[in-house]
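*Asks:* Fold the following and give me the result.
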Amino acid sequence: MVTLVSKARITPEELLNLPDDVSYELVDGKLVNRNSGMRSSRIAATIGGLIGMFLLDRRLGMVFGPDGSYQCFPDASDKVRKPDISFIRFGRLPGDRAPRGHCPIPPDLAIEVVSPGDLAYEIDQKVAEYLKAGIPLVWVVNPDTQTIRIHRPRSSPAGSVSELKDTDTITGEEVLPGFSCPVKEFFA
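*Replies:* Numbering: from 1, shown residues only. Next up, the predicted model:
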């Protein structure tokens, strides 16, 4: 469950200076605690590692972990979200360098791994925010059901939502071309 931590409004810049800023997101200028658990953290690290290994021999882009923060929501300048894993293709950031603070552009892929206290409506809200910000591909990974729900814009030829089981294979579609992995590897 996302827990409101502070009633006082803070700025995205102040979030960067918190001693444990990786544990928080910023919604409407308020600190919100990010839930985590060892299993969901391990799965996120596994997925990040699989994507990172895929990228080693390819100049496609950069993968970021759970401390990668995005301030890319046009209707909410005081919102900062931190997907568990994200990917940005080369050519989108100036000089193909990661910004020092929050990233002002949406990633090409955002991955959320469901944690023990996450509520369905909170995950759905994040997915809606990601898609509205222009993220073309969002994966929601559920450790309990060992499924991945794939979200795309409504205009996507592949459909807006699909779900994969552990017996399926996930691909990076147009966002991460050439990436293909059995879903069960995410949960191994």
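*Asks:* rest of the way, CA atoms for contacts and neighbours
*Replies:* Fine.
*Asks:* The longest helix belonging to the chain - what's its average pLDDT?
*Replies:* For the chain, the helix reaching the highest residue count under DSSP state H is reported as helix 38-55. Helix 38-55 shows a mean pLDDT of 96.
*Asks:* and it, what does it pack onto?
*Replies:* If you count contacts as 3 or more Cα pairs under 8 Å, 6 or more residues apart in numbering; DSSP states H and E, helix 38-55 packs onto strand 61-64, strand 85-89, strand 109-113, helix 183-186.
*Asks:* Any chance of the ones you listed in CSV with mean pLDDT and mean neighbour count as columns?
*Replies:* What follows is the helices and strands packed on helix 38-55, written out as CSV (pLDDT from 0 to 100; neighbours: other Cα atoms under 10 Å):
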stretch, mean pLDDT, mean neighbour count
strand 61-64, 97, 19
strand 85-89, 98, 23
strand 109-113, 98, 24
helix 183-186, 98, 18
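*Asks:* Compute the inter-axis angle for the longest helix of the chain and strand 85-89.
*Replies:* Helix 38-55 runs at 20 degrees relative to strand 85-89, counting by axes from the mean of the first three to the mean of the last three Cα atoms, to 10 degrees.
*Asks:* Make CSV from the helices and strands packed on helix 38-55 and add distance to Lys126 to it.
*Replies:* Listed next are the helices and strands packed on helix 38-55 as CSV, based on distance: least, Cα to Cα, whole Å:
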stretch, distance to Lys126
strand 61-64, 18
strand 85-89, 14
strand 109-113, 9
helix 183-186, 21
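*Asks:* Quick one: closest of the ones you listed to Ser36.
*Replies:* Of all the helices and strands packed on helix 38-55, it is strand 109-113 that lies closest to Ser36, at 8.9 Å by Cα to Cα.
*Asks:* got the contact list for the longest helix of the chain?
*Replies:* For helix 38-55, the surrounding residues in contact (Cα atoms under 8 Å, 6 or more residues apart in numbering) are 61-65, 84-85, 113-115, 143, 179, 186-187.
*Asks:* Tell me which of the helices and strands packed on helix 38-55 lies nearest to Val27.
*Replies:* Proximity to Val27 (Cα to Cα) singles out strand 109-113 among these, at 16.7 Å.
*Asks:* Quick one: mean pLDDT for the helix or strand following that closest one?
*Replies:* Next in sequence after strand 109-113, counting helices and strands by DSSP states H and E, comes helix 120-133. Mean pLDDT, helix 120-133: 95.
*Asks:* what pairs with the next helix or strand after helix 120-133, and is each one parallel or antiparallel?
*Replies:* Downstream of helix 120-133, the first helix or strand assigned by DSSP H and E is strand 137-142. The strands that strand 137-142 pairs with in its sheet are strand 109-113 (parallel), strand 147-151 (antiparallel) (by DSSP bridges).
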